[in-house]
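Colleague: Any chance you can model this:
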Amino acid sequence: MVLITLIFSLFLSCAQASASEMTQALKAKDYKKISDIYRNNMQKNYSRQELIVISYSLRKLGFFRQDIKLNIRLVKKYYLKQHQRLLAAIKRGDTIDGDDYPEALKVLYWNLFTSYGEILKGYNKDSILVEKDNKYFTLFSKLLSDLEFREGKVDKYN
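Modeller: As a prediction, the model looks like this:
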């Protein structure tokens with residue numbers, strides 16, 4: 001019993017230490033440290049706010065693929081129903097009212113759109129991944145257009 005208590009307390013102290021490291025890095029706006037903390041423990045159950053800051057840090061450091069994965073994780077975790085409803089409405093050709101969807105979801109789409117754009121800018125013309133990434137870039141462009149979401153709104157929510 002003592003051994004179990006000791007192991008549990010050690011686990012809690014490690015978790016608290018990493019949480020305080022993240023908090024300190026957030027306050028210092030140390031994007032490299034935030035990215036390192038995340039990449040050392042990607043599967044951790046980070047808070048929504050932590051995930052948003054991690055995503056921002058990854059974009060600032062030019063890790064666009066990792067940022068895309070993280071933004072997709074956020075969409076699936078917090079906005080899956082709205083995302084599926086939007087995709088179904090687009091497939092049916094329905095008129096879409098952007099006010100029916102959360103602004104945070106639109107910002108995530110914007111982040112995905114810009115990250116794919118940055119990836120596309122980095123390719124040479126002969127890359128085989130250009131076509132695949134361009135497909136997703138175009139998809140998020142269409143989603144944002146249908147939602148009538150503009151760049152100026154991103155700073156307000158990011």
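Colleague: going forward, measure contacts between C-alpha atoms and count neighbours the same way
Modeller: Will do.
Colleague: Just the pLDDT for G93.
Modeller: We have a pLDDT of 89 for G93.
Colleague: Could you check how far it is from D146?
Modeller: Shown here: G93 relative to D146, a distance of 11 Å by C-alpha to C-alpha, to the nearest Å.
Colleague: the more surrounded of the two?
Modeller: For G93 versus D146, the count of surrounding residues by other C-alpha atoms under 10 Å is larger for D146: 15 against 9.
Colleague: Just say helix, strand or coil for the nearest residue to that one once chain neighbours are set aside.
Modeller: Residue nearest to D146 in three dimensions, not counting chain neighbours: I96, with 6.3 Å by C-alpha to C-alpha, 6 or more residues apart in numbering. When states are read from DSSP: H, G, I helix; E, B strand; the rest coil, the local structure at I96 comes out as coil.
Colleague: Next, give phi and psi for I96.
Modeller: Summarising the backbone geometry of I96 under the convention degrees, to the nearest 10, its torsions are phi -110, psi 130.
Colleague: List the contacts of D67.
Modeller: Taking C-alpha atoms under 8 Å, 6 or more residues apart in numbering as the contact definition, D67 lies against 55-56, 58-59, 112, 115.
Colleague: quick one: it from A89, how far?
Modeller: For D67, the distance to A89 equals 27 Å [C-alpha to C-alpha].
Colleague: will you turn the contacts of D67 into a markdown table that also has pLDDT and distance to K29?
Modeller: A markdown table is the format used below for these (pLDDT from 0 to 100; distance: C-alpha to C-alpha, whole Å):
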| residue | pLDDT | distance to K29 |
| --- | --- | --- |
| S55 | 94 | 13 |
| Y56 | 94 | 11 |
| L58 | 95 | 12 |
| R59 | 95 | 13 |
| L112 | 95 | 22 |
| S115 | 94 | 21 |
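Colleague: List the buried residues in stretch 110-130.
Modeller: If you call a residue buried by 16 or more other C-alpha atoms under 10 Å, then stretch 110-130 has these buried ones: 110-120, 130.
Colleague: Which residue would you name as the spatial centre of this protein?
Modeller: Here the mean C-alpha position of the chain is nearest to the C-alpha of N71 (C-alpha atoms, centre = their mean), at a distance of 2.1 Å.
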